[in-house]
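Q: Dropping a prediction and its sequence here:
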Amino acid sequence: MQNLYADLETLLKEDASLVDEHGKLNKNVLITRAANLDEGLLARLISSDTIRAQFFTQVGDTLVFDKAKFQEFIANKAFLPDSYTAFRNKIGLTDRSGRFLSASEDVVLAWPYKDCVLEGGMTKEDVKRDEVFWNTTLAPDDIARVFEPKALTRFEHWDRNAVAQKKAKRADVIDPASDNLFIKGNNLLALHSLAEVYAGKVTVIYIDPPFNTGNDSFLYNDRFSRATWLTFMRNRLEVMKTLLTRDGSIFIHIDVNQSHYLKALCDEIFGQTNFVQEIIWAYGSPSGGRAGSAKPVNVHDYILHYARDYKARKQNRIYTPYSDQYIANWFRYEDEDGRRYRSRMRDDGTWGRQYLDESPGVPLTTVWSDIKQVYADPRAYRDDQAEHSELVKGFLGQKPERLIKRILDMASDEGDLVADFFSGTGTTASAAMKMKRRFITTEQIEGQIQLTRRRLFKTIRGAGAGISRDVEWTGGGSFVYLELAEANETFATRIRNADEDGTLAAVAADLREKGWWRYKVDQSLWNWDEWAALTFDERKQLLLDSLDANHLYVNYGDIDDADSGLSAEDIALTKAFYEAEA
C-alpha cells in the first residue's frame, strides 16, 4: 500500500495545479476534481497501469472510475501524513472511518457542499491563511444550535445630542417598529436572530457582498473559491428572503466574475418568475490604469433585482433628467413667456404643446451611466472639502449614496424598512436615514464598524456629503448600536489576532479553562507539547478548528445561565427585543 501512496503522489505532482504553495498536494482540490470527474485528472490516473487498476473497472469497452474509492483513498489519514494531520487525528478531528473532517461529507470545515453552511467569520481583512475568513463549513447534523437567536449587548443609543457629546445613551428599550439598528456580529447569525422579529417586515434589501475577485476580502487560495463563495451567499440569501415583505425587493451588487453564477443561484432561491431585471451600473470612463491593456475597458458592475413576489412588488416609476443635447434637439420652441416646449400629436390626432417644465424626464432604463463613483469627485482629495465628500479614504469598493437613493426611490417609500447586511462604510444606512426610511445594517470587521459609526455620526450632524443637498438633509435621526454577545467568538478573535508565540499560548491557556470545545475533540488526548512543536499557523488553525461553532455567541436560550456573562440589564433588553413586534 505504501508503494501505491508513493506512486500516486508522484503521478499527481506532475500537475502543478494540484500542488500548493508549500509543494504539497492539495487534498481538497483533488477530491473536488474527482467529484466533478475532471477530464485532466482522469486522463492522468488512467496513464498509470498501477493506478488505473486500483481505481478503474473495465465494463465492456468502457473504463468506469470508482470516484468514492479514490476520494476515500485521498482523504485517508495515511496518505501524505504530517505532524499537523497526525495531531488532528489524535485529538479526534476525524470521522469514524478515519477521514479528516475537512474532507468528510458528515462534518465539513473547509469543503464547499451546497447543503452546508459557511459561517464566514471575519474580524480582520488582512488575515490570510489558505482562506481569508475563518471558514467553518458545517453540515446540518453539526449545527444544532448555531442558528438559534443570539443574546444582545451594548445597546448604545446615538442621536444628535449623544453625537455632539461624543457619549452614547444607554437604550432603555428597543422598538423594532421605529428604531434604526446597527449590529456588530457575524451577519449569518445576525440574520437568523433578526428573522425572529423582522420576518416579512423588510421592504428593500441592498447588499454589496465580497465579489470574490482576488481584489477584495474574499480572496481564497484554495482553488475552489467559487463553490465556497456560492455556499457563503446561499446561506445568507435564503434567510434574507424570509425577511422581505410581500411587496419587497432585494438588490445584489456584483461584478462580472460571479454575476452569472449568482443569477442561477438566485433563480433557485427566489424563483425565476421573481427575477425583475439586471441593472448595469456604468460607473466610470475608459481612462487611467483601466486603459492600460488592449482588452476592452470594463467600466460597469451589475445589480441583480429580485422581488419577493413579482406581481405584488413595490415599483415606483422613476425618471432621469433630459440631457442638454436632448433638450436642444427636441424642446426647440419657446412661447411668449419664454417656456420651452415641443410639438406632440395627441391621442385624438391634433397637435399640442409638451412643455419642458411639465415633463418628468426620461423613463429610467436598466443602464445607469449618470451616477459616478465616489472616487470621481475631485473634492474627495482636498482636505478643506472633506466634509462635502462621501469618500472614505483607504476603503476600496465604496458605493455612492446616489446609487442607493435610486434603488430606494424605485422600490420603497418613506417609513419603509431597508436592510444592508454588508455595511462596509455605512452608505445604505446613511442614505436611508436621509430619505426617512428605517434601516438595519450589520458588520463584523472592526475597522469597518468604526467607519460606519463615523459615517452615521456625520449624517446625524447634517454633513453635506452624498445626497444631503438632493433631499435637503440638515441632520437629525438616530440609531441603536448592538452587538451579538460573544462566547467562543472572543477566543476566535484572539486566536486570529495572535501574532506571536506568547500571545497564542496565553489564548490557548484561557481556552483550556473557559472555552467551548467541539464535542468531537478529545481533550484528554491533546498533548500540549506536541501542539507546541507544530508551526505557528498550524497551532492557530488547530485551536480554531477545535472551537465549538454552536457557541460562537451566547444563545438567547442561555441568557439566564450564570456563565452567560450578561448583565441583568442586557438580559432584560434582549428579552424585550425578541418579544416586541416590528
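A: It's in. Numbering: from 1, shown residues only.
Q: Angles on the backbone of residue 307, please.
A: Note on residue 307: backbone dihedrals following degrees, to the nearest 10 are phi -100, psi 150.
Q: so who does it touch?
A: Residues near residue 307 by C-beta atoms under 8 Å, 6 or more residues apart in numbering: 247, 248, 249, 270, 274, 276, 313. Glycine gets a C-beta too; all of them are placed from N, C-alpha and C.
Q: Could you rerun that using 6 Å?
A: 249, 274, 276, 313 (C-beta atoms under 6 Å, 6 or more residues apart in numbering).
Q: And it, what's its pLDDT?
A: Turning to residue 307, the model gives it a pLDDT of 98.
Q: In the protein, where is pLDDT below threshold?
A: Scanning the chain for pLDDT under 70 picks out 1-3, 21, 75-144, 212-225, 227, 288-290, 376-388, 394, 396.
Q: before we move on, what SS does residue 30 have?
A: helix (DSSP: H, G, I helix; E, B strand; the rest coil).
Q: what do you get for residue 237?
A: Here residue 237 is recorded as helix under three-state DSSP.
Q: give me the number of residues near it?
A: 22 (other C-beta atoms under 10 Å).
Q: now it, nearest residue through space, not along the chain?
A: Residue nearest to residue 237 in three dimensions, not counting chain neighbours: residue 269, with 5.1 Å by C-beta to C-beta, 6 or more residues apart in numbering.
Q: Pull out the buried positions in the one helix or strand the one you found maps to.
A: Taking DSSP states H and E as the definition, residue 269 sits inside helix 259-270. Going by neighbour count (16 or more other C-beta atoms under 10 Å), the buried part of helix 259-270 is 259, 261, 262, 263, 265, 266, 270.
Q: Equivalent analysis for stretch 318-333, please.
A: So, applying 16+ other C-beta under 10 Å, buried residues of stretch 318-333: 318, 320, 322, 330, 331.
Q: list the contacts for the third one?
A: Taking C-beta under 6 Å, 6+ apart, we find residue 322 in contact with residue 361.
Q: got the end-to-end distance for stretch 169-179?
A: Terminal residues of stretch 169-179 are spaced 14 Å apart (C-alpha to C-alpha, to the nearest Å).
Q: Taking the chain centroid, which residue in this structure is the extreme one?
A: For the chain, the largest distance from the centre (C-alpha atoms, centre = their mean) belongs to residue 336, which lies 58.2 Å off.
Q: Give me the three-state assignment for that residue.
A: Residue 336 ends up coil, using three-state DSSP.
Q: Near residue 62, how many other residues are there?
A: Residues near residue 62, counting by other C-beta under 10 Å: 8.
Q: Hmm, I typed the wrong one, I wanted residue 476.
A: Per other C-beta under 10 Å, the neighbour tally for residue 476 reads 14.
Q: what helix or strand does it sit in?
A: Using DSSP H and E, residue 476 maps to neither a helix nor a strand.
Q: how many other residues sit next to the closest residue to it other than its chain neighbours?
A: Among residues not flanking residue 476 along the chain, residue 160 sits closest, at 6.1 Å (C-beta to C-beta, 6+ apart). The criterion is other C-beta under 10 Å. On that basis, residue 160 has 15 neighbouring residues.
Q: Ok, residue 16 next?
A: Residues lying near residue 16 (other C-beta under 10 Å) number 6.
Q: Can you tell me what sits against stretch 203-210?
A: Here stretch 203-210 makes contact (C-beta under 6 Å, 6+ apart) with 216-218, 240, 245, 248-253, 399, 407, 411-412, 416-422, 428.
Q: strands paired with the top strand by length along the chain, and their directions?
A: The longest strand of the chain (DSSP state E) is strand 244-254. Strand 244-254 has its sheet partners listed here by DSSP bridges as strand 202-207 (parallel), strand 300-307 (antiparallel).
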